[in-house]
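Peer 1: show me the folded form of this:
(chains A and B)
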Number of protein chains: 2
Amino acid sequence: MDNSTAEKGSPGQEQQAAGVGILLQIMMLVLSFVVGHVLRRHKFYYLPEASASLLIGLIVGGLANISDTERSIRAWFNFHEEFFFLFLLPPIIFQSGFSLSPKPFFSNFGAIVTFAIFGTFIASVVTGVLVYLGGLMYLMYKLPFVECLMFGALISATDPVTVLSIFQELGTDMNLYALVFGESVLNDAMAISLYRTMSVVRSNDPSGQNFFMVIVRFLETFVGSMSAGVGVGFTSNLFKYAGLDIDNLQNLECCLFVLFPYFSYMLAEGLGLSGIVSILFTGIVMKHYTFSNLSENSQHFVSDFFHLISSLAETFIFIYMGFDIAMEKHSWSHVGFIFFSILFIAIARAVNVFSCAYLINLVRPAHRQIPSKHQKALCYSGLRGAMAFALALQSVHDLQEGHGQIIFTATTAIVVLTVLLIGGSTGTMLEALQVVGDGHDAHLGEGFEGNNGYVPTSHEEDETTGNKLRMKLKEFHRSAASFSEIDRNYLTPFFTSQNGDSEDEEDDPMPSSRRGVYHGHS
Amino acid sequence: MDNSTAEKGSPGQEQQAAGVGILLQIMMLVLSFVVGHVLRRHKFYYLPEASASLLIGLIVGGLANISDTERSIRAWFNFHEEFFFLFLLPPIIFQSGFSLSPKPFFSNFGAIVTFAIFGTFIASVVTGVLVYLGGLMYLMYKLPFVECLMFGALISATDPVTVLSIFQELGTDMNLYALVFGESVLNDAMAISLYRTMSVVRSNDPSGQNFFMVIVRFLETFVGSMSAGVGVGFTSNLFKYAGLDIDNLQNLECCLFVLFPYFSYMLAEGLGLSGIVSILFTGIVMKHYTFSNLSENSQHFVSDFFHLISSLAETFIFIYMGFDIAMEKHSWSHVGFIFFSILFIAIARAVNVFSCAYLINLVRPAHRQIPSKHQKALCYSGLRGAMAFALALQSVHDLQEGHGQIIFTATTAIVVLTVLLIGGSTGTMLEALQVVGDGHDAHLGEGFEGNNGYVPTSHEEDETTGNKLRMKLKEFHRSAASFSEIDRNYLTPFFTSQNGDSEDEEDDPMPSSRRGVYHGHS
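Peer 2: You can find the predicted model right below:
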């Protein structure tokens, strides 16, 4: 930013331009909120809020392009990946973790992790390989293999915002919701880790990649970030001993509580790990343990606060993206690349979902199989959003010879198409698959609670494939179950106040329902 | 920022540096909050929170300087005036207007405006002229006259944060509080307007300044900004008709409510007016009218929200300033300049306060005179803070030949000295002047309520000077009184809900006492 001060004109003028730029952004934000509200009130699901925001950004950006707005004002609308990653993304991911209802999430944790880690890996590799093969066969522009993998990684980040808001609105099966939600959040983290790993591989030795090192490096990042996040989350329990839950210290308490997630994110980033994974787990831990140590007023306040901040950030991201897409230079000459990559990501998505679902169903008891219609819904929900866009924008800086530009244009096209088409048709899809507000969830939910230990006794059919893998996964499930015992018996009493508040909290099956998040179910 | 992407290394590294930088900032913030809390709990008033934050910033900055921290991390600590003016200042000023208890403020409005506008003008001119004369007499470095006036303007911005927190803590006379508070907030706006006006004058015709045009231009800015602020504030009353006070729309309601102040600020800035004045009046209007149209939950939430955001911004400003002071290059060769300017601003402050108080006492009835000890307290409370610092930093860009550098160094020294010395001794001063928590306020408060019309009958002594001015000021008071009638009879019923909520709000003498702001009085 030091350079920018050197080139600017009078500081008053510069500040005036900033004022106009931000004013426009605020007006678009207000417009998006109002339009989104009106659409929701009239139950018009063909244009969800995110799509509306994207369209508003596109339209205003187009108008600004035509009307030849001054450069200094337009500068306020360039999508900066840094701003996105450091300021817009953290509140959204934290809110995801914080508003997570832990039961369906943790009872599906194995499946979610499988989809997010293994599935995203498959999707990235399949996309990358297909794009590379497409290049070899002269179907599309030929990129080097590692750049194909980078494209595969960045385009495999599905967006949680749009589909989930529709899911919440219509009220769908809670397990399906948990799957889609968990997958889209964790898969962002996976995609960004994969992308960065590939980026490092590319800059270090562009010819021969040590595949094994990639995996190790990724696991390092993932486990490290998760530990950092959980660690910061537990550290935030110092609240319990600070004695800040007196009424006139509420502000101090809230200040500290609000700073912790951000601390976690920056700690992970500062260590070269993944801030997203870290802040997600901080959110989960803080909701589960720290939250109940706050005074009641602060509890209300911080939930509303994170909700507010994340909605603002979410809406802003889509506007910002729309505006930037309308303003940015694109290389539309590679229409073939765009067309085939859309085809390839659809294939990769299907391979990802159905193969992972197959693996998961191998180890799940009969009554907990992921039904085929859920698999289809999950497959359909893979729209690409801001994360793919931000990574693509980064690739413009990372890759030379216009390769980044091609990837960016293709990603832009994919984002706009999927947000508008998939976002608009999710309601119809859910109705067609008959997963809207059925009673399925209650039954399964109860099933989980009683069955928390996953005693693997009666389901010994289908022994043919993946027996070893199955044993591994079962072991994982068992360890998850024993974790929940440790949690009940040791962690919760240790980290939360002993005055019985935490018990109430535990008994409440869905603490976030107050804010209407899952109102289809409560 | 576009340039900065070109020069940076690997994006991963850049992001890591950002992570470390922000991590440090968060840690300093947390440290400041904790230190401030501990100091307050032990009633140690010699180091108020703002001073502690400044010291923390200075120390960490010094350490970073010694330990040769990497440039990319240090870049995160440069004080950017743009960031200050666009993101840190608005929440603080809005919170000032929003948390204002309207009765003492409006009953002292005439006095406050006199101090803020006329007084700041006097102080700026006196400082400017003295610095110019000092230059002519070779006491100090000789600056051109208009630059002396710019320095006078920027150094006349007193800081509301530190002194007020002490006042609140110790609980002082409410009228004194209103005076100090109102003066320091409005005088920031005045100082920035004066500075910019001078800056425009300087760049247009540096030799002969049309003094009359300066005044007109300033009044234009001030009245325009105030109208914009009040206009946006009243526009925000559309809430009343939007019907958003249903429970599950709370988030939407809060989003819109939170965006309005910022809208007001950016509107004024975009029009080339003063965002500070605008957002201050938006705050006052929104608290007075819009606030009561919110649902009860949202009311709690938005008060807490603005309080939180402004405390974060306040604390951050002092840390940020301290760090930047420790890192920035200073031209310490002009020690004479620093010494004499400290002397001159003390003189200017005394001239400002005592002359304005004399004028005000001319028109006030005998029982409402500003007592001599209040005048002394007001005179003493003129410490310089972030506003002066930010404007001085701007002057480095505005002025050539190292003049800006001299002004910046002098301002830095003045800020550090006044924040540490005045901030640390305010408690002692208040006790020495015996204005700590006396019963005075209750008496006066009641006196005002009964006496809202200011019937000017029995106080005809001292007819010698300023008779004409006195009539003018009385007229002003009378119009203020008639405004409060209009408010009661028309505006409040029109802009707030008719369900009696607003009445309750009116009867509560101090709505913000819940958050312990004035807990010395409640």
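Peer 1: quick one: residues contacting A:V416.
Peer 2: Residues in contact with A:V416, defined by C-beta atoms under 8 Å, 6 or more residues apart in numbering or on different chains, are A:54, A:58, A:325. For glycine as for every other residue, the C-beta is placed from the backbone atoms N, C-alpha and C.
Peer 1: who's in contact with the first one?
Peer 2: Under the criterion of C-beta under 8 Å, 6+ apart, the neighbours of A:L54 are A:318-319, A:321-322, A:416, A:419-420.
Peer 1: what helix or strand is it on?
Peer 2: helix A:49-66 (DSSP states H and E).
Peer 1: what about that helix, average pLDDT?
Peer 2: The pLDDT scores in helix A:49-66 average 88.
Peer 1: and the following helix or strand past it, what's buried?
Peer 2: Once helix A:49-66 ends, the next helix or strand along the chain (criterion: DSSP H and E) is helix A:71-74. Buried residues in helix A:71-74, defined by neighbour count with 16 or more other C-beta atoms under 10 Å in any protein chain shown: A:72-74.
Peer 1: the following helix or strand past helix A:71-74 near chain B at all?
Peer 2: Following helix A:71-74 in sequence order, the next helix or strand is helix A:81-83 (DSSP H and E). Yes. Using C-beta under 8 Å from any C-beta of the partner chain, helix A:81-83 reaches chain B at A:81-82.
Peer 1: pass me the low-pLDDT residue ranges in chain A, would you?
Peer 2: Residues of chain A meeting the criterion pLDDT under 70: A:1-12, A:161-162, A:204-211, A:214, A:239-248, A:331, A:436-522.
Peer 1: and the residue nearest the centre of it?
Peer 2: Geometric centre of chain A, nearest residue: A:V185, 3.0 Å, by C-alpha atoms, centre = their mean.
Peer 1: now it: which helix or strand?
Peer 2: Going by DSSP H and E, A:V185 is in helix A:174-204.
Peer 1: A:L294 and A:L252 touch, don't they?
Peer 2: No. Under the criterion of C-beta atoms under 8 Å, A:L294 is not in contact with A:L252, lying 11.6 Å apart.
Peer 1: could you check which of these two is surrounded by more residues?
Peer 2: Per other C-beta atoms under 10 Å in any protein chain shown, whichever of A:L294 and A:L252 has more neighbours is A:L294, with 24 against 20.
Peer 1: how near is that one to A:S236?
Peer 2: Per C-beta to C-beta, to the nearest Å, A:L294 is found 10 Å from A:S236.
Peer 1: quickly list what's touching both of the two.
Peer 2: Residues touching both A:L294 and A:S236 by C-beta under 8 Å, 6+ apart: A:F257.
Peer 1: give me the spatial nearest neighbour of the residue of the stretch 201-350 of chain A found nearest chain B, chain neighbours excluded.
Peer 2: Chain B sits closest to A:E269 of the stretch 201-350 of chain A, with a gap of 2.9 Å, by C-beta to the nearest C-beta. Distances taken as C-beta to C-beta, 6 or more residues apart in numbering or on different chains put B:G19 closest to A:E269, at 2.9 Å, once the chain neighbours are dropped.
Peer 1: tell me who's in contact with that neighbour.
Peer 2: With C-beta under 8 Å, 6+ apart, B:G19 has these contacts: A:86, A:265-271, A:275.
Peer 1: ditto for A:A386
Peer 2: A:84, A:88-89, A:159, A:161, A:317-318, A:321 are the contacts of A:A386 under C-beta under 8 Å, 6+ apart.
Peer 1: and it, how close does it get to A:E401?
Peer 2: Taking C-beta to C-beta, one finds A:A386 at 26 Å from A:E401.
Peer 1: now A:F106
Peer 2: Going from A:F106 to A:E401 by C-beta to C-beta gives 46 Å.
Peer 1: ok, now A:C356?
Peer 2: When A:C356 is compared with A:E401 (using C-beta to C-beta), they lie 35 Å apart.
Peer 1: which of those two has more neighbours?
Peer 2: A:C356 (24 against 10).
Peer 1: so the more buried one sits against A:I117, correct?
Peer 2: No. Using C-beta under 8 Å, A:C356 is not in contact with A:I117; the gap is 9.6 Å.
Peer 1: burial of the closest residue to A:P160 other than its chain neighbours, as a residue count?
Peer 2: In space, and not counting its chain neighbours, A:P160 is closest to A:S184: 3.8 Å by C-beta to C-beta, 6+ apart. Counted with other C-beta under 10 Å, residues neighbouring A:S184 total 27.
Peer 1: wait, what's in contact with A:S184?
Peer 2: Residues in contact with A:S184 (C-beta under 8 Å, 6+ apart) are A:158-160, A:163-164, A:381.
Peer 1: again, only using 7 Å
Peer 2: Residues in contact with A:S184, defined by C-beta atoms under 7 Å, 6 or more residues apart in numbering or on different chains, are A:158-160.
Peer 1: now swap in A:V38 and tell me
Peer 2: Neighbouring residues of A:V38 by C-beta under 7 Å, 6+ apart: there are none.
Peer 1: that one: what secondary structure?
Peer 2: Three-state assignment for A:V38 (DSSP: H, G, I helix; E, B strand; the rest coil): helix.
Peer 1: distance check, A:M429 against chain B.
Peer 2: For A:M429, the distance to chain B (C-beta to the nearest C-beta, to the nearest Å) stands at 25 Å.
Peer 1: I'd assumed A:C379 was in contact with that residue.
Peer 2: No. With contact defined as C-beta atoms under 7 Å, A:M429 does not reach A:C379; the gap is 10.1 Å.
Peer 1: please name the nearest non-neighbouring residue to A:L86.
Peer 2: With sequence-adjacent residues excluded and distances taken as C-beta to C-beta, 6+ apart, A:L86 is closest to B:A18, at 5.8 Å.
Peer 1: what comes up buried for the strand or helix carrying that neighbour?
Peer 2: Per DSSP H and E: B:A18 is located in helix B:11-41. Neighbour counts over helix B:11-41 (16+ other C-beta under 10 Å) mark B:11-12, B:14-33, B:35-37, B:39-40 as buried.
Peer 1: what of stretch A:117-127?
Peer 2: Per 16+ other C-beta under 10 Å, stretch A:117-127 contains these buried residues: A:117-127.
Peer 1: which one of the residues you listed sits closest to chain B?
Peer 2: Of the buried residues of stretch A:117-127, the one sitting nearest to chain B (C-beta to the nearest C-beta) turns out to be A:S124, at 18.0 Å.
Peer 1: what is the neighbour count of A:K43?
Peer 2: A:K43: 9 neighbours (other C-beta under 10 Å).
Peer 1: right, I mislabeled it, should have said A:L47
Peer 2: The number of residues packed near A:L47 is 16, by other C-beta under 10 Å.
Peer 1: first-to-last residue distance for stretch A:109-129?
Peer 2: 29 Å (C-alpha to C-alpha, to the nearest Å).
Peer 1: now do stretch A:76-95
Peer 2: First residue to last in stretch A:76-95 (C-alpha to C-alpha) measures 26 Å.
Peer 1: ok now it, how far from the chain's centre?
Peer 2: From the chain centre to the centre of stretch A:76-95 is a distance of 13 Å (C-alpha atoms, centre = their mean, to the nearest Å).
Peer 1: buried ones in it, by neighbour count?
Peer 2: A:76-82, A:84-86, A:88-95.
Peer 1: chain B contacts on the stretch 51-200 of chain A?
Peer 2: Residues of the stretch 51-200 of chain A lying close to chain B by C-beta under 7 Å from any C-beta of the partner chain are A:78, A:80, A:82, A:85-86, A:196, A:199.
Peer 1: give the contact list for A:S72.
Peer 2: Per C-beta under 7 Å, 6+ apart, neighbours of A:S72: A:14, A:17.
Peer 1: returning to what we had before: nearest residue to the residue nearest to the centre of chain A in space, please, no chain neighbours.
Peer 2: Using C-beta to C-beta, 6+ apart and skipping the chain neighbours, the partner closest in space to A:V185 is A:S96 (4.9 Å).
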